[in-house]
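Trainee: fold the following.
(2 chains)
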There are 2 protein chains.
Amino acid sequence: RNQATVVLRENGKTREKTLTMGTLNPQVKAVEYAVRGPIVTKAGDIERGLQQGQKHPFTEVIKANIGDSHAMGQKPITFLRQVVALCSFPELLDSSSFPEDAKQRARRILQGCGGQSLGSYSASQGVDCIRQDVAVYIEQRDKGVPADWDNIYLTTGASDGIVSILKMLVSGQGRSRSGVMIPIPQYPLYSAAISEMEAVQINYYLDEDNCWALDINELHRAYQAAKEHCHPRVICIINPGNPTGQVQSKKCIEEVLHFAYEENLFVMSDEVYQDNVYSPDCQFHSFKKVLYEMGPEYFNTVELASFHSTSKGYSGECGFRGGYMEVLNLDLEVKAQLVKLLSIRLCPPVSGQAAMDVIVNPPLPHEPSYLQFHKEKSAVLGALAEKAQMTEQILNTVPGIKCNPVQGAMYAFPRIFIPPRAVEAAMSLGMSPDMMYCLRLLEETGICLVPGSGFGQREGTYHFRMTILPTTEKLKVLLEKLRDFHIKFLKEYAPLEEPKRSEDDTQEALKQFR
Amino acid sequence: RNQATVVLRENGKTREKTLTMGTLNPQVKAVEYAVRGPIVTKAGDIERGLQQGQKHPFTEVIKANIGDSHAMGQKPITFLRQVVALCSFPELLDSSSFPEDAKQRARRILQGCGGQSLGSYSASQGVDCIRQDVAVYIEQRDKGVPADWDNIYLTTGASDGIVSILKMLVSGQGRSRSGVMIPIPQYPLYSAAISEMEAVQINYYLDEDNCWALDINELHRAYQAAKEHCHPRVICIINPGNPTGQVQSKKCIEEVLHFAYEENLFVMSDEVYQDNVYSPDCQFHSFKKVLYEMGPEYFNTVELASFHSTSKGYSGECGFRGGYMEVLNLDLEVKAQLVKLLSIRLCPPVSGQAAMDVIVNPPLPHEPSYLQFHKEKSAVLGALAEKAQMTEQILNTVPGIKCNPVQGAMYAFPRIFIPPRAVEAAMSLGMSPDMMYCLRLLEETGICLVPGSGFGQREGTYHFRMTILPTTEKLKVLLEKLRDFHIKFLKEYAPLEEPKRSEDDTQEALKQFR
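Mentor: Residues are numbered from 1 along each chain as shown, chains lettered A, B, ... in the order given. Modelled structure (predicted):
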């Protein structure tokens, strides 16, 4: 393969490559996406090396970098897969080995598809009957708050919907360029999309000392500061939080919505973890329901897009790339423009739409698949709740690590103490300190995490994001290795400091999960 | 639902919507996508009206606007659906009702998936073993020209790949802004993406009088003219042609590649119709194979991206959103940037990747599914070939319609004579003449086509695009209704002109397809 940028031709002249780092779209160059960044590439290399017999101080790579449940061993929900298989190969509708409720779902979905085939394009907004099921689901979730299926758009995962809505909202030049308020720490899809669209990123910091809560005063601060150099038009919220795992209180959501109402902001609420709430003190409140309860002056005016996905929750079906968004109070002409924009990618994958349908329309108590479905769902959510608690507790026994409760979502985002000498060492390598930390962790233990700098953090603080998805057994191994690594790291870079907690604390804390 | 842009608040103040036609991203506003444009929206409205008992001069809408095979009644390829169903619900691997070769494919795909589940994210470039299968397929297709699976990227349909590559290539400002050469007529994904990215569209006109051939002199003309105001960096070719249905000769491809080589252009060859060649005089030549045969100076330097898809060919699996691209001679650093860009959308739908795998790795002659697969494939391609011929022949019996041979792809793009008085009538309605034509056709006959203006055409000429996908019976009805409409239209707007052909000609031509 030829890799030179300038090629010497036979006639003695040179020919340059058309696409080089010099000519590449600068907006593409500016994009960063840590969840699949250099650490993850390195982990893949190490994994291949291990398979080829290379020696490392460990025998397997444990990937806790991405919310990819099935890759970490979670089993699919049987009912969902039955419905998708029936839709994919309708001859199975005659098979006696599939339950009647799965067949009924599959028949309904196929009725909604052109030529009754999953192989037809759907309408750009998605299959009608699936959008109707989504609306019914939302009404039930929100205890009767009306949902209009005309406002539902099926998407290719939540990411596709988020990028589409952001794309609509970016306009203006210079001081009137659209500003997008995002939490810090954030999920890097937001910063990547903002950077690619050359919008202005407005950071509002979550309150780490207060369990990563969203502080309304911080919103005001960020908004006022940004108004000087851009036109703030959108506020993004991730609830439950990614990477921070907090669950927002109803009062806090009210404050955000009131703020958005007053400041004419479009609200984007990323609610893909709505089924992932573990802490008994917390409850998921949808932005839409809270908006409704604030009264018609709010409910009929605030422009709100809420996003959901097949990838998270209890099903963890990332590979199907299913999702939906509900968009409220969109101007009618703008809505036609959104549909036009979506139509260019023709339609979301129809099998992903089918998977989404099962999630919003699961077996009912009187149906034959209910018991098994309920058992599988509870097992997944129960295990996640246990692992959320375990992760927090064990991490908090390690000297120099401080972890907020993992109230929801699938991640811990602990703060790590990195000694000044380690910070200097990283700087001299041209690397952020938490990147160096995660790289060494990977090289020495095989554990793959994402440095906090990929999500954003307050200057001078360091974190990593880890998923709670490995099996309980593997998660214990991960946490013990992580503790050993961290202590070794501290000893290396701050040999004179006394650790405040001992190894015994960790072992003690681990006992309750045995 | 509230649709007003300005809302009167209870306190007497007004609140404006954040997202209005005034504040909408102007790049989004500028985008046009005729394949799902106003005619298609209207067809949907009429269809719903018919279902609700509304009266129209017809009883069904015939949609010939989009290459959506299954929606027009084409049956899925059994083997493909078996493999997808097995991957979706692996318990079926124990079922005796699935053939061994389908199971073997499914096992291999699942082995390549994290946690052996279709529900895991794949790598951003796609599942390794599927990329390997794609490379083997390309080598066989191109009679041994080497293919490296490292150059293969699985995509969400071909559209996703095309947009990603274009995005990389857009840079510069003013006279150095990237120019993208596209055929006219073109598939409107190209113009939509160019407009959204604010690149410069450079039109090169296909030669309608010469069966829509690509004329190298026209390429030179377009390039030289564009150089005055932008930096031409890319040439896009669609072969077989969409909407024009021509198949490019090897000589013509050589000329294009030589031109791209000389002018430092990145070549994007849209080859999604590579299996759809009907004319016995034509053969599909891949750009890659031709490049290889031009010798190493070309093969090792010209940057070439070729696109394929599950949506077309004989499988017509649009809904799965599967596809791949092969990218040659990409600079190594740029390649890392491409992978980063793709990683933001995480991965293409894995079930679509599985469908793509079957298309590149179909049953072999010694395998149990071979006979049925071969029969199904031949039936689809045979019917398409017959319908291609029928469409051309019947259309050419209609006075005022002239249709080039449908050598490949799935479309006819006939030229229609629109009398000057009809042109004036359309202009007074603020409508392009072919839009008025297609709108009246839809309203009077229920036939849904796309006006030529949505694809681009030489000034003063008018066309429409129609697919050849309706069943033979329905296509005959469509063609007869279209002829009657066209004659009526001519009589209305040019009552004194004598038609050159009679209705008898059409009936005569139809006979051979009975």
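Trainee: only C-alpha atoms from now on, for both contacts and neighbour counts.
Mentor: OK.
Trainee: buried ones in the helix or strand that contains A:L482, by neighbour count?
Mentor: Applying DSSP states H and E as the criterion places A:L482 in helix A:472-493. Neighbour counts over helix A:472-493 (16 or more other Cα atoms under 10 Å in any protein chain shown) mark A:472, A:475-476, A:478-483, A:485-487, A:489-490, A:493 as buried.
Trainee: could you say what helices and strands that helix packs with?
Mentor: Identification of packing neighbours for helix A:472-493 by 3 or more Cα pairs under 8 Å, 6 or more residues apart in numbering or on different chains; DSSP states H and E yields helix A:370-395, helix A:420-428, helix A:433-445.
Trainee: let me see the mean pLDDT of whichever helix or strand comes after it.
Mentor: For helix A:472-493, the following helix or strand on the C-terminal side (DSSP H and E) is helix A:503-511. The average pLDDT within helix A:503-511 is 71.
Trainee: pull out the buried residues from helix A:503-511.
Mentor: Buried residues in helix A:503-511 (16+ other Cα under 10 Å): A:506, A:509-510.
Trainee: let me know the helix or strand that the residue in the stretch 351-500 of chain A that chain B sits nearest to is in.
Mentor: The nearest approach of the stretch 351-500 of chain A to chain B comes at A:S351, 6.6 Å away (Cα to the nearest Cα). Per DSSP H and E: A:S351 is located in helix A:350-360.
Trainee: quick one: list the elements packing against that helix.
Mentor: Against helix A:350-360 (3+ Cα pairs under 8 Å, 6+ apart) you get helix A:78-88, helix A:128-141, strand A:152-156, strand A:322-328.
Trainee: domain ranges for chain A?
Mentor: Chain A breaks down into these domains under automatic domain parsing: A:29-72+A:375-511, A:125-349.
Trainee: mean pLDDT for these: which is lowest?
Mentor: Averaging pLDDT over each of the domains of chain A puts domain A:29-72+A:375-511 lowest, since it has a mean of 91.
Trainee: coming back round to it: can you redo the helices and strands packed on helix A:472-493 as a markdown table with mean neighbour count and distance to chain B?
Mentor: As requested, these are exported to a markdown table (neighbours: other Cα atoms under 10 Å in any protein chain shown; distance: least, Cα to the nearest Cα, whole Å):
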| stretch | mean neighbour count | distance to chain B |
| --- | --- | --- |
| helix A:370-395 | 18 | 15 |
| helix A:420-428 | 15 | 24 |
| helix A:433-445 | 21 | 18 |
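Trainee: format the ones you listed as JSON lines; extra columns: distance to B:Y204.
Mentor: Output for the helices and strands packed on helix A:472-493, formatted as JSON lines (distance: least, Cα to Cα, whole Å):
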{"stretch": "helix A:370-395", "distance to B:Y204": "57"}
{"stretch": "helix A:420-428", "distance to B:Y204": "52"}
{"stretch": "helix A:433-445", "distance to B:Y204": "49"}
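Trainee: hey, where'd the strands end up in the stretch 201-350 of chain A?
Mentor: Secondary structure of the stretch 201-350 of chain A (DSSP state E, counting those that start in this stretch): strands at A:231-238, A:266-270, A:304-309, A:322-328.
Trainee: hmm, who's touching the third one?
Mentor: Yep, that's strand A:304-309 we're talking about. Strand A:304-309 has contacts (Cα atoms under 8 Å, 6 or more residues apart in numbering or on different chains) with A:157-158, A:161-162, A:165, A:266-274, A:287-288, A:321-329, A:356.
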